[in-house]
Each structure stands twice: as structure tokens, then as C-alpha cells.
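Chemist: Structural data only, the sequence is not supplied:
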């Protein structure tokens, strides 16, 4: 019986004027465009410098900052108000104010304050910019101190040398961070939205009543609805792998098989959720808004671009019930760190739990009478 | 006039009959504002640290306890070889590793130099940069305290003053973004689906043969969404002022006027989509893919537009939300007057006029 049901589902999908196009175009669009747009990689921050000192040292520090690649000197302002103007009309992102007597203080071995004023309307951007600027100044301090205190290196004073290493993403490329997560988004949107729409669509068309009077058991009906999305999900994720490889040179460190296995469970879970919603929704509009509501919640709490670790406890607790969050961890771990089933066993069981729970709900909430 | 009113009443019935959707529409901004305001941040907090140290001595102990005591880090594990670090990273049990060289204290005393390696899980590049930055800071503070006063002066001390948003609350950035998104959702997405729904059901034909002028039919269709948007605008304002403590620095009147203009543009977009499509599914896809995604990505709501490649920056000029969000930020957060947003307003007016004239031209008054 399931064979005929599947045939019907596929016919319905293929007959639709844009569903087949969307299954191919959507992953392509997301992976080709999103990593460029969805980026917190901060480069070329616009810096307005107020140099009240006009000395060799003050020029040297602005030079050091600009040559770091992270900052671009927009203008030299004469006064704070003028610099503030350039922040107001978005020409500058931060202001660096170098005080008078800057050079004199350094030469006299006195500490001197410089003022950094970032435009903090976007707090994240401001804090990233501030961190960069502060670490550049820190390095500058180090080179200053070896100039000011050449005797220090010789004397017994102790120095802790720190060297830092970035693992798994050596070039600190933001796209490497986003691409695996975006595959999760693609799976979620395709395999969450479409099932949610599919039953309601039949309700609105009136074909649902025909299904209801047929002798098809509930479980078989739900399976018939699920399996096509499984296949769609696999197609989408395979497109995703290809684009990630061709466009971003990204190949998972871990094994493809593990990703496919996780994807299989995940698609099962998220499509089940879609089906539950479409069982309850009466109209297409309703279904769309309910799904949209949950998707947005899930995406925000998934760690897509803000780490789950930084969330307050209640939000982390909520995030534990978010299937997206778990697959996001899985994808990034396999792609970048090469984790395996053992290391991801917690996520594996959580996702399996979601899959079973959602689909049980889907079967139970499907009523043949309405 | 009486006719128009009864048509409007009919439209309100259409929407408010569907309790689930209305509830979602009214709750969505509330939940978004709370999540964006309280849950999402990039601040480094309680990051798990694994320490590799073979000879525990006074200096290593002090550094480790300092790192552990800071709000940024939690030392969760002491490893004894680099494989354990590897495993901790792969398990997701640690985001930062601190590797002390052997005989750390002794080296410091005798040769004057000791070595620490910081290894960050750079899966999230920004977080990794911050981990390294904060950890290095803690270590250099320790070092400054133990070293002789000789190296005291002559340092440049950065002093930071965050403009407009001293506590760096993410809400300051998200409130305008949520406004921009919700309006599109209600005005463009819902409107287009609702109008197309009448087409699909066949009731549009009945409306068209009624003695009402088509323009009134359209106006009555749009009015409930206008009301919903204004309700949502007010909830978002109340929430952000009283719960998130994001003050309205500029004038509320100009903020409201700009928002009305944006609602008008969004309604025009919804109308246009509804004239171009004939099935609800298509209307949904077009408004979802063509409007929601650009609003989330290209409007500066989450990701700064300035960092994008030139092509996307160019495309973002055609996203109304970008101009609206910019205007809201300028008025509400920076507290500047209407004169500072003249460009945004002009662009929105232009977009609205173009959209309305196209959709009026395309609106079919005849049956097919």
C-alpha cells in the first residue's frame, strides 16, 4: 500500500510548479549567498582618529592600527564633536582619541590614556572591534616596553611568554563557521516547512477527506508523507556538500557517513514536527505562521551565530529542547573537528528521542474524522 | 462610506476568526523581543577551559586559579597529555586549552622566561579571538603584578566609552530589526496570502462583481493589517522601553511617522505579491524567500551590512527594511531628529509610490 501512497506524494510534488525547483534552488541560494551576508567577520572597521598630539608616537600608533587589516582610517578629526558627526552619519565605526602630551608621557615613563569610543548600537560589532583594537594596542605596548626598558630583558625580571593557536579553523574564517550550520538551516526549512504545508494543503483542496475514507492506516499514511521529505532532505544535503566543497573548499574532517546518519534522524524528527503542526492547523495560513513561529525560535536559540554558552540559564535550558541546536553542534563538530559517533553520542540519543516523540505525536494527532 | 465600513468589518472578521494566527501574530514580537533582548549575546562567559600542566607549582596554580575565578572562564579539567586536550575539544568539553611548559615556576625564576600556549577552538572565530584576548589579559595582569616596578610606566592604557549603548545590550540593535521584520511579516506576507486565498476560494470574483470600486476593496483588505501592525508597533515600543530599558532617545512622533511610512511600503509589497501570484503556496514562498530572508540577512538587523561584499551591499539597497531599520536606529537609539533620516524617508516614499502604482496597474478587475 505504501508504494501507491509514495507514488501519489511524488506526483503531487513534481506536479507542483515550483516545489521541485525549490528543492534544488533553495540549498544553492542559501549556500552561495548566506555565508557572504551572514558574517560577523569584522574587517575594515572605519576608524576616525583625533590626534591631539601630532607627534611621532601618535602617528606610529595610528599607523600600527591601520596596517593591521582590521581597521581603515576614515578621517582625522580635529575635535571630538567632529568625530562624533562622522559616527552619526555612519562614516565611522569607532573613534580613537589620542591625548595631548601623548609622546611626552611615554618618554617620561608615565602611563597615558587613549580613548576608544565605538558606536555600540550594534553591541556585538562594537565589542569585537574593541577587542581587536585593545589587542593591537597591547602588542604596541609590548614593543614599546622593550624599547623603553632595554635593560629589562637582561635583568632578572620574569616574563611569561604567551603564544596562541587557533585550532580547527586556523585562518579564523567566518564562512567555515557558517557553512555547516547553514546546511542545518536548509534541512530545517525544507523538511520542516514542506511537511507542515502538505497535509493542510490536502485539507484545503478537499483530497484529505478522500484519504480519510480510504482504508489506509494512520501509520502508513504518516510514513507516506514522511519518506518523500527524507529523500528531499538527502538531495538537499548532498547539494550542500557539493557547494561547500566547490565554493568554499570545505570537506568534512569526519566521515560523510556519520553526517548522513545524523541527517537521516534529524529529517525524521523535524518532518515529524511539521506533520504534527499540519495535523492541528486548519488553514494554510495558520500552518505557515505556526511553523514560522517555531522556526524563528529554534533558529535564534540554535547557536547559529551567538554561542549557546553565552545565553542565560533559562535560555540554555530552552535550547536543550531545540533539535536544531543539537544538529548544529553535530555538523560543526564533524565538519571541523572530525568527531565521531562516540563523541557525539549525547546528541545522537537526543535527536533519536526527538524523532520518536514527534512522529508518535504525528500519528496520534492525525484523526481520520473531522 | 457605509459600504466601505461593512467591507472593513468583514475583513476584520476574516482575521480575528482565526484565533491561532492572531495569537501568534501578537505573541511573536513579544517572544522575539525577549529572546533577542535577553538570550542572544556574544559575550564570553563561563567558557570551559582545559589545562595541561605536568608540574604543578606555585605560579601555575596561581594563574589557573585566576583564570578559573574570572567570569569569563571555568577550568573544568586538568589534562596530562595533549591527546586529552584533543579529546576535550572533540567532545565539546572545552573551548580553550592552556598549556604550561614543564617546570614553569623554576624557568621563570632562573631564566626569567616561562612559556604558556593558549589553544582556542576556533570553530567560532570571533569567540576564539575573544577567548585568547581575555586569557592573555589575565596572564599579563598576573605577570605585571609579580614583576619588578621597573616595567611600570610608559604604557598606553585604552579607555573605552561605548557610545549610545554603554552596556552593549544586544537589544539596541535588535529592537529596530524586530520592528522591521514583524511589519513585513504582517503587512506583506499575511496580506498577500489573504488576498490570494480569496482568489483561490473564488470569493474574489464575488467581491469584484459587487458595486464597490476595486480600490475600496483593496483598502478594506489592507485595513486590518494596518491595525495589527500598529498594535504590534505599540507592544514592541512598550516592551523595549519598560522591559528591555531601551529608551526612545529621539522624538516618538517622528518614529511613529517613519513606521507608518514603512507599514505603507510593506502593505504595497503584499499587494504586489498578491497580484502576481494565484496560489497561496506561491504567495507564501515568494514572501518567505523574497522578503523574509532578505529582511533577516540584508537589512543590518543581525549582520552588519557594511561588512558584506559590494554586490550584496548593492542588493541591500532594494530591501525596504534596511532603510527603515537605519531610520529607527538613528531616531530611537542615537536620538537624532527627522533631518538625519531624510534620505531613508525619501527612499521609502519612492519605493512605496513605485510599488503601489505597479500593483494598481496589475490589479485585475476582470475575471479570467
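Modeler: In hand now; what should we look at? What you are looking at is a predicted structure, and each value in this text was computed from that prediction instead of being measured. Residues are numbered from 1 along each chain as shown, chains lettered A, B, ... in the order given.
Chemist: Could you list the low-pLDDT ranges of the stretch 251-368 of chain B?
Modeler: Applying pLDDT under 70 to the stretch 251-368 of chain B flags residues B:365-368.
Chemist: so what are the domain limits for the chain?
Modeler: If you meant another chain, say so; for now it's chain A. Domain ranges of chain A: A:2-38+A:173-365, A:45-154, per automatic domain parsing.
Chemist: try chain B instead
Modeler: Taken from automatic domain parsing, chain B resolves into B:2-40+B:168-362, B:47-151.
Chemist: Turn these into a markdown table, including distance to residue A:48 and mean neighbour count.
Modeler: The C-beta positions use only the backbone N, C-alpha and C, and glycine is treated the same way. A markdown table is the format used below for the domains of chain B (distance: least, C-beta to C-beta, whole Å; neighbours: other C-beta atoms under 10 Å in any protein chain shown):
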| stretch | distance to residue A:48 | mean neighbour count |
| --- | --- | --- |
| domain B:2-40+B:168-362 | 14 | 19 |
| domain B:47-151 | 23 | 18 |
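Chemist: Pipe the ones you listed into JSON lines and attach distance to chain A per row.
Modeler: Shown next, in JSON lines, are the domains of chain B (distance: least, C-beta to the nearest C-beta, whole Å):
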{"stretch": "domain B:2-40+B:168-362", "distance to chain A": "4"}
{"stretch": "domain B:47-151", "distance to chain A": "4"}
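Chemist: can I get these in TSV with distance to residue A:77?
Modeler: Output for these, formatted as TSV (distance: least, C-beta to C-beta, whole Å):
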stretch	distance to residue A:77
domain B:2-40+B:168-362	18
domain B:47-151	27
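Chemist: looking at the domains of chain A, which is closest to residue B:158?
Modeler: Among the domains of chain A, the nearest to residue B:158 by C-beta to C-beta is domain A:45-154 (5.1 Å).
Chemist: Would you pull up the residue in the stretch 251-370 of chain A closest to chain B?
Modeler: Distances between the stretch 251-370 of chain A and chain B by C-beta to the nearest C-beta are smallest at residue A:315, namely 3.7 Å.
Chemist: how close does that residue sit to residue B:183?
Modeler: Noted for residue A:315: a distance of 26 Å to residue B:183, by C-beta to C-beta, to the nearest Å.
Chemist: Same check on residue A:198?
Modeler: Distance from residue A:198 to residue B:183, by C-beta to C-beta: 29 Å.
Chemist: quick one, what contacts residue 192?
Modeler: As the question left the chain open, I've gone with chain A. Residues near residue A:192 by C-beta atoms under 8 Å, 6 or more residues apart in numbering or on different chains: A:270-271, A:273-274, A:291, A:295.
Chemist: My question was about chain B, not that one.
Modeler: The contact partners of residue B:192, taken as C-beta under 8 Å, 6+ apart, are B:269-271, B:273-274, B:277, B:283, B:286-287.
Chemist: circling back: so which of the contacts of residue A:192 sit within strands?
Modeler: Of the contacts of residue A:192, none are assigned to strands by DSSP state E.
Chemist: Please state the offset of stretch B:87-95 from the chain centre?
Modeler: In terms of C-alpha atoms, centre = their mean, to the nearest Å, the centre of stretch B:87-95 is set 29 Å apart from its chain centre.
Chemist: Tell me the secondary structure of residue A:110, please.
Modeler: State at residue A:110, reduced to three classes by DSSP: H, G, I helix; E, B strand; the rest coil: coil.
Chemist: do residue A:68 as well
Modeler: Judged by three-state DSSP, the three-state class of residue A:68 is coil.
Chemist: For the nearest residue to it once chain neighbours are set aside, pull up the helix or strand it's in.
Modeler: Distances taken as C-beta to C-beta, 6 or more residues apart in numbering or on different chains place residue A:136 nearest to residue A:68, at 5.3 Å, with adjacent residues excluded. For residue A:136, the enclosing helix or strand under DSSP states H and E is helix A:123-148.
Chemist: contacting residues around the residue nearest to residue A:68?
Modeler: Residues in contact with residue A:136 (C-beta under 8 Å, 6+ apart) are A:64-65, A:68, A:70.
Chemist: same thing with residue B:222?
Modeler: Residue B:222 makes contact with B:191, B:267, B:270-271, according to C-beta under 8 Å, 6+ apart.
Chemist: And stretch A:276-289, how far out from the chain middle?
Modeler: For stretch A:276-289, the distance to the chain centre is 27 Å (C-alpha atoms, centre = their mean).
Chemist: Who wins on neighbours among the contacts of residue A:136?
Modeler: With neighbours taken as other C-beta atoms under 10 Å in any protein chain shown, the top of the contacts of residue A:136 is residue A:65, carrying 21 neighbours.
Chemist: so that residue sits in a strand?
Modeler: No. Going by three-state DSSP, the assignment for residue A:65 is helix, not a strand.
Chemist: I'd guessed it sits against residue A:94; true?
Modeler: No. In this structure, residue A:65 is not within contact of residue A:94 by C-beta atoms under 8 Å, at 10.3 Å.
Chemist: who touches both of the two?
Modeler: Shared contacts of residue A:65 and residue A:94 (C-beta under 8 Å, 6+ apart): A:47, A:133.
Chemist: Residue numbers of the stretch 251-370 of chain A in contact with chain B?
Modeler: Contact residues, the stretch 251-370 of chain A versus chain B (C-beta under 8 Å from any C-beta of the partner chain): A:281-286, A:288-290, A:292-293, A:296-297, A:300-301, A:305-307, A:309-312, A:315, A:329, A:332-333, A:336-339, A:343.
Chemist: can you tell me which of these are in strands?
Modeler: Among those, no residue falls in strands (DSSP E).
Chemist: From those, list just the buried residues.
Modeler: A:281, A:283-286, A:288-290, A:292-293, A:296-297, A:300-301, A:305-307, A:310-311, A:315, A:329, A:332-333, A:336-337, A:339, A:343 (16 or more other C-beta atoms under 10 Å in any protein chain shown).
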